[in-house]
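S.K.: structure of the sequence below:
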Amino acid sequence: MGEMCSANTSYSMAAASTVGSVLVINLTTGKKSGGWDTAEIYFHQIPDEVIDSLINEGSVLYVAGGLMVEHPLISPLIDAIVGTLDSVMGLPKDLTNSLIKEVLQD
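M.R.: Next comes the predicted model:
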């Protein structure tokens, strides 16, 4: 729990970065293509009461880095997202679509 509190406190008034990778394989041809995508999330001050509520609720214990930008307690505290929300959530749609198209080309 202490690590979770430290992680969420460190996001306050700073940026968190996410890096995700995607590998697409055409199972018919064996052609593969992969790539990675990053996003940065900038936060306003996150009050200690919000961090305590998130930890007591428990849902942040089951996500990477305790980072839940969609959570109703956290979303109002986001200053900016550089990148896409789907990348932050773990599957960058534009990257995935381009890789699918790439492995389907002859």
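S.K.: all strands of the protein, in order?
M.R.: Taking DSSP state E as the test, the strands found in the chain are 15-25, 32-43, 78-82.
S.K.: what is the orientation angle of the shortest one with strand 15-25?
M.R.: By that I understand strand 78-82. Taking axes from the mean of the first three to the mean of the last three C-alpha atoms, to 10 degrees, strand 78-82 and strand 15-25 form an angle of 40 degrees between their directions.
S.K.: contacts only, for residue 32.
M.R.: 23-26, 103 (C-beta atoms under 8 Å, 6 or more residues apart in numbering). The C-beta positions use only the backbone N, C-alpha and C, and glycine is treated the same way.
S.K.: now, the most widely separated pair of these?
M.R.: Maximum pairwise distance in the contacts of residue 32, criterion C-beta to C-beta, is 11.4 Å, between 23 and 26.
S.K.: pick out whichever of the two has more residues nearby.
M.R.: residue 26 (14 against 11; other C-beta atoms under 10 Å).
S.K.: any idea how far the residue nearest the centre of the chain is from residue 82?
M.R.: Residue closest to the average C-alpha location in the chain (C-alpha atoms, centre = their mean): residue 88, at 2.5 Å. The gap separating residue 88 from residue 82 is 10 Å, by C-beta to C-beta, to the nearest Å.
S.K.: what do the two both touch?
M.R.: 39, 41.
S.K.: returning to what we had before: of all the strands of the chain, which one is nearest residue 96?
M.R.: strand 15-25 (5.2 Å).
S.K.: cheers, nothing more for now.
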